[in-house]
Each structure stands twice: as structure tokens, then as C-alpha cells.
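# okay, predicted coordinates and the sequence, questions at the end:
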Amino acid sequence: MPNSGPDFDRERQVAVAAAEEAGGLLRRRFGTANCLRTKGLSGDVQMDLDLAAEKLVLSRIQRHFPHDRILSEEAGLLDAAGERTWLVDPLDGSNNVAIGLPAYVVGIGLCLGSTPVMGVVHEPVTGETWHAVRGHGAYGAGGALSGPDPRLPRPGPVVAWTQGYAVERGDVTAVALRAVLELRCRRVLQLWAPLLGWSMLARGTIDAFVGYRAEGVDLPTGALLAAEAGVDLRTLSGARFRPGFAGDDSGRSFVAARGETLAHLLREVGTAVSPAAPG
């Protein structure tokens, strides 16, 4: 079957179906999940559910789009010719599942070159799915997503935080960023599931998202969802942020918010980031 046109409607339908099917599997087996191994020195874990959900999602994408490249959290790069790359995080929040915390999602995205053009995030706990196509907006079951209020809340913003697994515990910039956010924001959420944070931002249930050297496999999917909901994406220095999955992680540091909140956070992170720091 040929690929769809620029609205990527067929890709979106396939991704939604795959994410929701994987989500049903994760929800049914949540209480019996087993940790298979710890990945590296970061403390990240691989669950048996990671592999089971990944197998399901990959099989569906490969069946419908057999000539596309896939980059998946557990399987790595399944290479192919062409500029289309699917990004799959079959269980974003594995560390949460490992401790019995029901905060996790399934994420599937599609990039043309380095540009995200379609993204889907499904939350198995609530059964909700959010999706976006570049230039066509972001949507959930209740209709279009409008992102957070651009006005700065008087008590300060509620901000999600993420950092990549390669960031060492004592990284000077990461420590400084977290410190200034804790001081200048109402709440700082460390969700261990970045796509969950992106979906909350797109829905407007939190005010902002700050990331430092973020992981590439889920960043474009979540950032597209937020951007299509009207969220402004900037680097830590305030330049336009272009979310990508390839290359050095120094290009994956960001502030995502709107209006007064964005301006407030850029001022605050500017006091924490040295001129030589990523972003």
C-alpha cells in the first residue's frame, strides 16, 4: 500500500491503533510486570512489558510501512532507505512500572529527515490518546488541545523536568537548572516519563516543560504534540528549538511554555546556564 499524503492520516491511524493495542497489553499485565535488567549506570530498567509492547508496535508498523526506518527504545535502529523514520517508545515510564507506580504511556512518532510530522501518545491508565500532525493541530477525545495559559501563575508555574540518561548525577548545569526551577516555580515534576509530561503540557494541565540533554527517541513525538497545541519551544538560551532524535544530546536541551511563563523561565534558566553549557 502506498504512503499517504501530507496530512499523514493513514500513518496517524496506524499509530493510534498500535499505541492503543500496546496500551491494552500494558494495562492488563501491569501488576505482573518483571524487571529483566538494568541498562548501564543510569539506573534505567528494561521490563518484560517493554519488549512485549515493542513487539506489538513494531509488527504493526512493519506490516503497513515495510520500507520505513524505525528507531525503537529497546530494539534500536531498524534501518532502511529513505527519509522516513518512525520513533517508538513502547513503555515510557519503565522505572515507574518497576515500582508499581501507574504513570506511563506509549509513544509513536514519525519524522521526515529530522523533522517530526506525526506523533501519538496513549495513556493506558485512563485510556486516553492524544495525537498531532504537523500543521494540522493536536487533538484528544475532547477535541483540539490548546496548551497552557500564557499568563504566569501568581504562585509560579508548575513545570515538568527531564534529563537524558547520559547526564551524570553531579552535572553542574543540571544541578543548577533544577535548583533555580525549585526556587522559582510552584512545583517541579520529575515524572520519569517525558511523553507523559509533554501530553500534560499540550493539554494545559501543567504550565511548562524544561529538558536538559533529553533522550532522542521520544523528544520529537512529545514536542510536536505540544507545538501543535500552541506551545513555544526554545533552547535554554532562547533561540528557536528544533526537536530531533539524532546527533549529540547537547542539542536536546529546551524550555517549552507560552507567553509570560516562557519569558519568566528563560530569565531564570539564563541565570543557571553558563555560556558553554548545552542549549
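Yes, it's here.
# secondary structure class of Ala272, three-state.
Following DSSP: H, G, I helix; E, B strand; the rest coil, the label given to Ala272 is coil.
# contact partners for it?
Thr173, Ala176, Leu177, Ala179, Val180 (Cβ atoms under 8 Å, 6 or more residues apart in numbering). Glycine gets a C-beta too; all of them are placed from N, C-alpha and C.
# just the closest of the residues you listed to Ser94, please.
Among the contacts of Ala272, Leu177 lies closest to Ser94 (Cβ to Cβ), at 23.9 Å.
# and the residue nearest to that closest one when sequence neighbours are not counted, how far from Leu265?
The shortest distance from Leu177 to any non-neighbouring residue, by Cβ to Cβ, 6 or more residues apart in numbering, is to Ala272 (4.9 Å). Relative to Leu265, Ala272 is positioned 11 Å away (Cβ to Cβ, to the nearest Å).
# again, but for Gly230
16 Å.
# who's more crowded, the two?
Set Gly230 next to Leu265 and count neighbours by other Cβ atoms under 10 Å: Leu265 wins out with 27 against 18.
# can I assume the more buried one sits in a strand?
No: read with three-state DSSP, Leu265 is helix and lies in no strand.
# three-state assignment of Val217?
Following three-state DSSP, Val217 is assigned to coil.
# same check on Asp89?
Here Asp89 is strand, with the state taken from three-state DSSP.
# contact partners for it?
Applying Cβ under 8 Å, 6+ apart, the residues near Asp89 are Ser72, Glu73, Val106, Gly107, Ile108, Leu195, Val217, Asp218, Thr221.
# at 6 Å instead, please
Contacts for Asp89 were tallied using Cβ atoms under 6 Å, 6 or more residues apart in numbering; they are Glu73, Gly107, Val217, Asp218.
# below-threshold pLDDT in this protein: ranges please.
By pLDDT under 70, the low-scoring segments of the chain are 1-6, 36-43, 274-279.
# tell me where the stretch 1-150 of the chain has helices.
Using DSSP state H, counting those that start in this stretch, the helices found in the stretch 1-150 of the chain span residues 9-29, 48-64, 94-98.
# and those helices as JSON lines, adding distance to Asp149 and mean neighbour count?
Formatted as JSON lines, the helices of the stretch 1-150 of the chain follow (distance: least, Cβ to Cβ, whole Å; neighbours: other Cβ atoms under 10 Å):
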{"stretch": "helix 9-29", "distance to Asp149": "28", "mean neighbour count": "20"}
{"stretch": "helix 48-64", "distance to Asp149": "34", "mean neighbour count": "19"}
{"stretch": "helix 94-98", "distance to Asp149": "28", "mean neighbour count": "20"}
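# pipe those into a markdown table and attach distance to Pro155 per row.
A markdown table is the format used below for those (distance: least, Cβ to Cβ, whole Å):
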| stretch | distance to Pro155 |
| --- | --- |
| helix 9-29 | 34 |
| helix 48-64 | 37 |
| helix 94-98 | 27 |
